[in-house]
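In: I need the structure of the sequence given here:
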Amino acid sequence: MADAADVIVVGAGLAGLVAATEAADRGRRVLVLEQEGRQSLGGQAHWSLGGLFMVDTPEQRRMGIRDGRDLAAIDWMGSAAFDRREDANPRAVAEAYLDFAAGEMRPWLHAMGMRWFPVVGWAERGGGAADGHGNSVPRFHVTWGVGPGVVAPFARRLAEHEAAGRIELRNRVRVDGLLVEGGRLAGVHGAVLAPDDAPIGAPTGREVVGDFEARAGAVVLASGGIGGDFDKVRARWPEARLGKAPRRMVAGVPAYVDGRMVDIAKAAGAGAINEDRMWHYCEGLENWDPIWPSHGIRILPGPSSLWFDALGRRMEAPCLPGFDTMATLRRILSTGHEHSWFVLTQSIIAKEFALSGSEQNPDLASGKWAEVIRSRLAAKGAPGPVEAFKEKGADFVVAEGLEELVAGMNRLVPEAPLDAAAMRAQIEARDAQIDNPFAKDAQVIAIRQARAYRGDRLVRTAKPHRILDPAHGPLIAVRLNVLTRKTLGGLHTDVGARALRPDGEVFDGLFAAGEAAGFGGGGYHGWNALEGTFLGGCIFSGRAAGRSV
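Out: All right, here's what the predicted structure looks like:
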């Protein structure tokens with residue numbers, strides 16, 4: 001097939017949908033090219049919890065949270081720790097996103113029909129310094145309908161533009177190269193793939209049944225990151241900052257999230273920066289019901305689980321559940337192993353455990369308060385998906401006593417045996433801090449602070465208790481794996497999503513959005529992310545691209 005359009009968008013994930021619909025709103029004829037089937041519309045956003053970083057919202061104010069753009073900027077810049085000359089554009093995009101998140105973002109999305117769970121989450125609480133990494137206040141707005149609820153307004157807009165003839169979505173076409181003429185991008189070429197109706201996220205075939213060329217005045221690359229390609233992740237791993245790359249990981253994204261289009265753009269003359277910046281989680285589980293290869297699910301923990309490294313040493317602040325992802329990842333890898341352990345009680349798992357992802361949160365996906373109350377507030381045990389992992393997951397050990405628990409942990413990971421007596425001593429020391437209103441244990445203090453926020457007290461933080469109190473049993477241990485997820489660097493762009501060449505000059509006709517552009521600018525997070533800024537970055541950079549082409 002040979003075609004022409006005003007704009008070509010490569011990728012039908014969230015950033016691509018936003019870019020395409022914004023361009024069509026401006027009267028552009030848009031051709032969207034996607035290597036997966038239409039059932040994969042929305043890409044990685046479909047699988048997400050749907051959290052958005054927004055600032056000074058009605059949801060925050062109703063929860064008693066005082067927030068503002070200035071405070072958010074202190075948190076963002078303290079987390080980003082921009083330290084490179086090429087960070088000028090990422091910093092500019094970050095500033096523009098903060099303006100958006102504290103201003104137009106919520107009313108714009110609300111007008112499209114998006115709504116949010118009323119309890120604002122307090123993710124990535126930071127390393128303890130006011131000017132360092134972390135969120136000073138809760139800012140994680142979970143969308144009713146979770147990831148599909150974020151995708152839905154843009155999918156509706158896409159369908160409307162398709163019906164009007166302004167957008168054409170072509171599935172099962174793979175872009176293999178960019179057409180550059182006279183120093184300007186003129187289009188793309190590639191292969192037509194055989195139809196494949198595999199479920200979203202599942203591997204699809206790569207049988208080539210034809211080729212194509214498509215031309216346009218502007219091309220937007222919204223093709224995602226590298227989290228599904230373990231070899232590429234290891235090759236770019238920042239060893240000086242995090243330690244040696246893990247030998248064993250689980251994948252938080254499907255295998256087709258391989259960064260291929262970024263490499264193609266670089267070969268055509270585009271510049272990429274900060275490719276050693278990445279965001280992977282420490283709390284990954286092997287999915288007992290996998291959809292893609294090495295499928296992992298992340299635990300979204302409350303603050304009460306005790307976190308031990310692979311050698312059985314309780315980890316110190318800020319390496320606490322939900323506080324500082326990169327510091328904790330570095331701490332885990334410093335042991336020479338890739339795994340770590342949560343030790344907790346049934347009372348903790350019932351109140352505090354959630355699993356990241358749309359398919360693991362059917363109550364929030366339903367958009368109905370009654371479902372949330374039944375699942376999280378009225379149920380005697382943990383939510384159903386969590387209990388299923390506890391029963392069937394390869395990473396869980398359940399026991400009535402500590403010695404039995406540690407024996408099960410050692411059977412699971414015999415190459416790194418734990419000493420039950422040493423574990424008991426550390427847990428008993430922590431338990432001794434519980435009965436007194438005063439404490440020196442940083443995690444006990446953090447639990448009490450969390451319960452001072454009524455949102456955490458209501459749905460996310462168990463009442464403090466002794467881990468070894470049988471009344472709160474059984475005991476549970478969870479082996480935690482490194483989970484690949486987000487690429488924080490990528491194609492270098494300006495605030496308008498225009499791609500730049502290695503010398504910083506504009507690459508005429510080429511634009512980039514979403515994870516392919518480090519969520520904007522070539523890495524608007526810097527070294528650390530504040531959560532809710534991945535989907536937020538896709539929306540913001542896709543919007544910028546769609547309004548620039």
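
In: what's residue 332 in contact with, if anything?
Out: By C-beta atoms under 8 Å, 6 or more residues apart in numbering, residue 332 lies in contact with 282, 309-310, 315, 338-340, 482. Bear in mind the C-beta positions are built from the backbone N, C-alpha and C, glycine included.

In: and for residue 26?
Out: Here residue 26 is in contact with 546-547 (C-beta under 8 Å, 6+ apart).

In: which pLDDT value belongs to it?
Out: Looking at residue 26, its pLDDT reads 97.

In: need phi/psi at it.
Out: phi -90, psi 10 (degrees, to the nearest 10).

In: so how far is residue 441 from the closest residue to residue 113 other than its chain neighbours?
Out: The shortest distance from residue 113 to any residue other than its chain neighbours is 5.4 Å, reached at residue 153 (C-beta to C-beta, 6 or more residues apart in numbering). Residue 153 sits 45 Å away from residue 441, going by C-beta to C-beta, to the nearest Å.

In: please apply the same query to residue 116.
Out: Residue 116 is 34 Å from residue 441, by C-beta to C-beta.

In: pretty sure residue 543 sits in a helix.
Out: Yes - the assignment for residue 543 (DSSP: H, G, I helix; E, B strand; the rest coil) places it in a helix.

In: quick one: contacts for it?
Out: 18-19, 22.

In: just the closest of the residues you listed to residue 213, please.
Out: Nearest to residue 213 among the contacts of residue 543, counting by C-beta to C-beta, is residue 19 at 21.1 Å.

In: so which strand or helix has that closest one?
Out: Assessed by DSSP states H and E, residue 19 sits inside helix 14-25.

In: starting at the chain centroid, how far to that helix?
Out: Centre-to-centre, helix 14-25 and its host chain are 21 Å apart (C-alpha atoms, centre = their mean, to the nearest Å).

In: could I get the CA-only coordinates of that helix as PDB?
Out: Extracted in PDB, the C-alpha atoms of helix 14-25 (Å, rounded to 0.1, in the frame of the first residue of the first chain):
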ATOM      1  CA  LEU A  14      -2.000   6.600  24.900                       C
ATOM      2  CA  ALA A  15       0.500   9.100  23.600                       C
ATOM      3  CA  GLY A  16      -0.300   8.200  20.000                       C
ATOM      4  CA  LEU A  17      -4.000   8.400  20.600                       C
ATOM      5  CA  VAL A  18      -3.700  11.900  22.200                       C
ATOM      6  CA  ALA A  19      -1.400  13.100  19.400                       C
ATOM      7  CA  ALA A  20      -3.700  11.700  16.600                       C
ATOM      8  CA  THR A  21      -6.900  13.100  18.100                       C
ATOM      9  CA  GLU A  22      -5.400  16.500  18.900                       C
ATOM     10  CA  ALA A  23      -4.100  16.800  15.300                       C
ATOM     11  CA  ALA A  24      -7.400  15.700  13.800                       C
ATOM     12  CA  ASP A  25      -9.200  18.300  16.000                       C
END
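
In: just the helices in the stretch 101-250 of the chain please.
Out: Counting by DSSP state H, counting those that start in this stretch, the stretch 101-250 of the chain has helices at residues 105-111, 146-163, 230-236, 239-242.

In: now those as a markdown table including mean neighbour count?
Out: Compiled in a markdown table, the helices of the stretch 101-250 of the chain are given as follows (neighbours: other C-beta atoms under 10 Å):
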| stretch | mean neighbour count |
| --- | --- |
| helix 105-111 | 16 |
| helix 146-163 | 20 |
| helix 230-236 | 17 |
| helix 239-242 | 12 |
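
In: of all these, which lies closest to residue 462?
Out: Closest of the helices of the stretch 101-250 of the chain to residue 462 is helix 146-163, at 23.3 Å (criterion: C-beta to C-beta).

In: now do the closest one and helix 14-25, the angle between them.
Out: Put simply, helix 146-163 runs at 30 degrees to helix 14-25, going by axes from the mean of the first three to the mean of the last three C-alpha atoms, to 10 degrees.
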